[in-house]
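Sequence and computational prediction follow.
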Amino acid sequence: MLSSLSKKRILTGLQPSGALHIGNYLGALKPLIDLSNDPENETFLMVADYHALTSVRDGNQLREHTHQIVRDYLAAGVNKDNVTLFRQSENPHHMELSWVFNCLVTVPFLMQAHSYKDKVAKGMDANAGLFTYPMLMAADIVLYDIDFVPVGEDQRQHLEYTREAVTKFHNAYGELFKEPKEVIVKGVGVVPGTDGQKMSKSYKNTIPLFGTREEIQKAVMSIVTDSSGDKPEHVFNIHTIIYRVLGKSQVELDALYHEHTGKYKALKDALVEDIEKVVAPMRERRAAITDDQIRRILMSGAEKARAESALKMTVVRERIGISF
Ligand code: ADP
Ligand code: TRP
């Protein structure tokens, strides 16, 4: 079913584990949307619901987050005609291939994963799913012969792990998979949060993508400022990224900060206005998306995803010796 192999294939996934923030949008979702608008690309966007089980323990909550994230994808500009949008759990090939990879990589190798170590250090449950997470991610990607994976900087190592899983498989069973590359867009690989650290759901330093104007205002007002300087660095850094998204010039931003030297409140107000320019049209689109639309998109996405990976999985089963 890998119909048009001359096209470049793009895939990313996000976990339905909470509300999207502007770091998710700028680091992963927007780059995917931009790539999906190029007719030379074939694009897949996945809801990583099995990955979310590493942290979400409430079925209703997972269902709700899944529904919300699909709505967010569509509101953010994902065009269902250019993108195969599907839930990971609706294609059993992901789990199946991840097990094969788990049997090829070693525990010491997985133990070096920064993401696993960071999450456990932050108090997250060190469950075995979290530990083998990178091998499920590897399966997500290589099942579809993906060339490029738009992600934030924190996922770089996971792409290295994916390539390592591919190499291990090839050494054992012969060539089969493509080696995917990460796409980390300069300037938005690590969008800073309100405390200056990487914006992340788990740091509680986010600016929500689909918050109300009041929620965005509250988050921006909470950006930590250093009273020793004239320029609020964290505000400026986030503003620089938002300016780029709006296609406005850095010179103009520099002038704004120069004009308002020491006036943190005015600069934060200006940042709220600029974030609103990015977010308001999406918020409007979001309100118009119906549950039925979501259901239909997911259903056709699941069918397409299963069909796309079926041939690959048949070859895997044959190579590893479980088909007769
Ligand atoms: P979080 O850290 O908030 O839990 P996720 O792990 O769900 O975010 O990330 C989903 C996607 O968004 C990944 O591709 C990730 O690299 C990207 N991403 C997350 N936070 C940022 C950020 N602050 N800057 C850029 N990209 C980010
Ligand atoms: N690990 C990614 C994250 O935490 C989510 C993810 C799962 C993913 N499978 C993927 C990203 C495949 C890109 C490709 O954000």
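Yep, that arrived. Predicted, not measured: the structure shown is a model, and the values here were computed from it. Ligands and ions are numbered 1, 2, ... in the order given.

Make sure Val149 is indeed in a strand.
Yes. Membership of Val149 in a strand is supported by DSSP: H, G, I helix; E, B strand; the rest coil.

and it, what are its bridge partners?
Glu182 (DSSP bridges).

For burial, what's the neighbour tally of it?
26 (other C-beta atoms under 10 Å). (Glycine included, C-beta is placed from N, CA and C.)

how near is it to Asn205?
Distance from Val149 to Asn205, counting by C-beta to C-beta, to the nearest Å: 25 Å.

One more: Tyr144?
For Tyr144, the distance to Asn205 - C-beta to C-beta - is 33 Å.

How about Ala287?
The gap separating Ala287 from Asn205 is 27 Å, by C-beta to C-beta.

These two - which one has more neighbours?
Shown here are Ala287 and Asn205; by other C-beta under 10 Å, Asn205 has more neighbours (22 against 9).

residue contacts, the more buried one?
193-195, 197, 199 (C-beta atoms under 8 Å, 6 or more residues apart in numbering).

And it, which helix or strand is it part of?
For Asn205, there is no host helix or strand (DSSP states H and E).

Now it: closest residue in space, sequence neighbours ignored.
Of all residues not flanking Asn205 in the chain, Gly193 sits nearest, at 3.1 Å (C-beta to C-beta, 6 or more residues apart in numbering).

Near that neighbour, how many other residues are there?
Counted with other C-beta under 10 Å, Gly193 comes out at 25.

ranges for the helices of the stretch 201-324 of the chain?
213-221, 233-246, 250-259, 264-287, 291-320 (DSSP state H, counting those that start in this stretch).

so for the shortest one, what's the average pLDDT?
Mean pLDDT, taken over the full extent of helix 213-221, equals 97.

other SSEs contacting that helix?
The helices and strands touching helix 213-221, judged by 3 or more C-beta pairs under 8 Å, 6 or more residues apart in numbering; DSSP states H and E, are helix 264-287.
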